[in-house]
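Colleague: fold the following for me, if possible:
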Amino acid sequence: MSRALLHRDVRRQQDALCEHVAAMAAQRTAANARFFAEEPERLARLCHRIAERFARGGRLIALGATPAARSDARHVAVEFVHPVIVGKRALPAVALTAESGDPVAQVGLLAVPQDILIGFGADEDGGACTRAIALARARGCLTIAFAPAGAEWEFLPPSADAALAQELVETLYHVLWELVHVFFEQRGLLEGAPARAAHDAGAAGFLYPFLAEPARALAPVIEDVSRSVTMKSQEIGALRAQTLSENSALLADAARVLRGRFERGGKLLALGNGGSATDAMDIVADFHGGAGPYPARPAIDLTEDTAIITAIANDIGAEAIFSRQVIAHAASHDALLALSTSGGSANVIAALVQARRMGLATIAMVGYDGGRVGAEALADHVLVVRSEHIPRIQEAQASACHALRELVELVGA
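Modeller: Numbering: from 1, shown residues only. So this is what the prediction gives:
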């Protein structure tokens, strides 16, 4: 084939991949609008019920019996335990996954009546989530699911596409986490809460200007929180579309490079901190065969082994927890995907620097203005989600990860 024809074919394929990303963005915009148009008041009322459970000393138990569901269970748990909104309290949450044994048995050991159980993967886990929900309901727990599983509160994404459904669910539990705190600031509306001032906006009150006055009744607060649900869903709908459209060519290029690494016998290493660690778990699960009819691809989650991470953090320092693993696991024909909302995490930067030193292809997904990763071009492909709101950044990055996974299989098709 002549060089001119080869370039023409590459351009055609690039155009086709970008068109596929555009179609993914449109599909997500429509599904997001449908899903959240039906749910604002119900989500507001669920936030109120969850806040009441926490006020009575309850915990959030997040259940994930499959690799993909595990990432969501761990994501929602870390959001509640380690809140990223300044001034918000840490709330008790635990993720129960198959790594520690039968998740249903774990629910039987741990769940008490005031707890909240949120189950993921009910349509793909062989009935584990459904059994756990039945057990939790019998104990008196409040139960939530995203597929028909017998939960009191079920939210069913309007799509058979597992990746798209997961993105909608991630947005939903982020919104729950953000807005549960509103009801803690309206303590007079919480049954079972210790006596204190009815309203306390705290350091994050600027995020909720409509709650400037003390609550006198539940209905107005439900109405205000419902509006906030709508606003947040519209914000992520627009941000997803912007992120995918602005970065379609970048995603196509990264997918082509990653496919080439796989064909040379390479593997993908993925990493991130906190919620970004759970997104690394998710994309590795997708490459292992959890995303549609695609072949399994070799991938390693560098956030998974707590013994390795804690050993390195204890003996060397947290900055080295990923770079030391890159040294141990990587070869020059591999690729590294780094996820960071800030683009400035020292351990992420150290891993990218080490990966480049060893000849790996590097992909980074970052938020804000790109941070150091973007400013210093520390990865071969840097995708920037242009937002300063951490939950929205993570939601848009999830869409970009799913797009990358699909494009890898479309390269050369």
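
Colleague: low-confidence stretches in this protein?
Modeller: By pLDDT under 70, the weakly predicted segments of the chain are 1-8, 86, 187-189, 191-216, 290-292, 412-413.

Colleague: what helix or strand does the residue nearest to Glu409 when sequence neighbours are not counted sit in?
Modeller: Among residues not flanking Glu409 along the chain, Tyr294 sits closest, at 4.7 Å (Cβ to Cβ, 6 or more residues apart in numbering). For every residue, glycine as well, the C-beta is placed using N, CA and C. Using DSSP states H and E, no element contains Tyr294; it sits outside every helix and strand.

Colleague: tally of neighbours for Tyr294?
Modeller: Neighbourhood size, Tyr294 [other Cβ atoms under 10 Å]: 15.

Colleague: now do the strands in the stretch 301-413 of the chain.
Modeller: 335-339, 361-366, 381-384 (DSSP state E, counting those that start in this stretch).

Colleague: list the buried ones in the helix ranked longest in the chain?
Modeller: In the chain, assigned by DSSP state H, the helix with the most residues is helix 3-37. Judged by neighbour count (16 or more other Cβ atoms under 10 Å), helix 3-37 contains these buried residues: 13-14, 17-18, 20-21, 24-25, 28, 31-32, 35-36.

Colleague: off-centre distance for it?
Modeller: 22 Å (Cα atoms, centre = their mean, to the nearest Å).

Colleague: likewise for stretch 172-184?
Modeller: On Cα atoms, centre = their mean, the centre of stretch 172-184 falls 15 Å from that of its chain.

Colleague: got the CA coordinates for it in CSV?
Modeller: C-alpha atoms of stretch 172-184 as CSV (Å, rounded to 0.1, in the frame of the first residue of the first chain):
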residue,chain,number,x,y,z
LEU,A,172,-26.7,9.1,41.3
TYR,A,173,-24.7,7.9,44.3
HIS,A,174,-22.5,11.0,44.1
VAL,A,175,-25.7,13.2,44.3
LEU,A,176,-26.9,11.1,47.2
TRP,A,177,-23.7,11.7,49.1
GLU,A,178,-23.6,15.4,48.3
LEU,A,179,-27.2,16.1,49.3
VAL,A,180,-27.5,13.8,52.4
HIS,A,181,-25.4,16.5,54.1
VAL,A,182,-28.1,19.1,53.4
PHE,A,183,-30.4,17.3,55.9
PHE,A,184,-27.7,17.3,58.5
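
Colleague: for the nearest residue to Leu239 once chain neighbours are set aside, what are its contacts?
Modeller: Closest residue to Leu239 in three dimensions, ignoring its sequence neighbours and counting by Cβ to Cβ, 6+ apart: Ala396, at 4.9 Å. Counting by Cβ atoms under 8 Å, 6 or more residues apart in numbering, Ala396 makes contact with Ile236, Leu239, Arg240, Thr243, Val385, Ser387.

Colleague: roughly how far does Gln394 sit from His181?
Modeller: 18 Å (Cβ to Cβ, to the nearest Å).

Colleague: more neighbours, the two?
Modeller: Gln394 (28 against 23).

Colleague: so who does the nearest residue to that one once chain neighbours are set aside touch?
Modeller: Nearest-residue entry for Gln394: Gly275, 5.0 Å, with adjacent residues in sequence omitted and distances by Cβ to Cβ, 6+ apart. Gly275 makes contact with His75, Val78, Glu79, Val84, Thr341, Ile390, Pro391, Gln394 under the criterion Cβ under 8 Å, 6+ apart.

Colleague: that'll do, ta.
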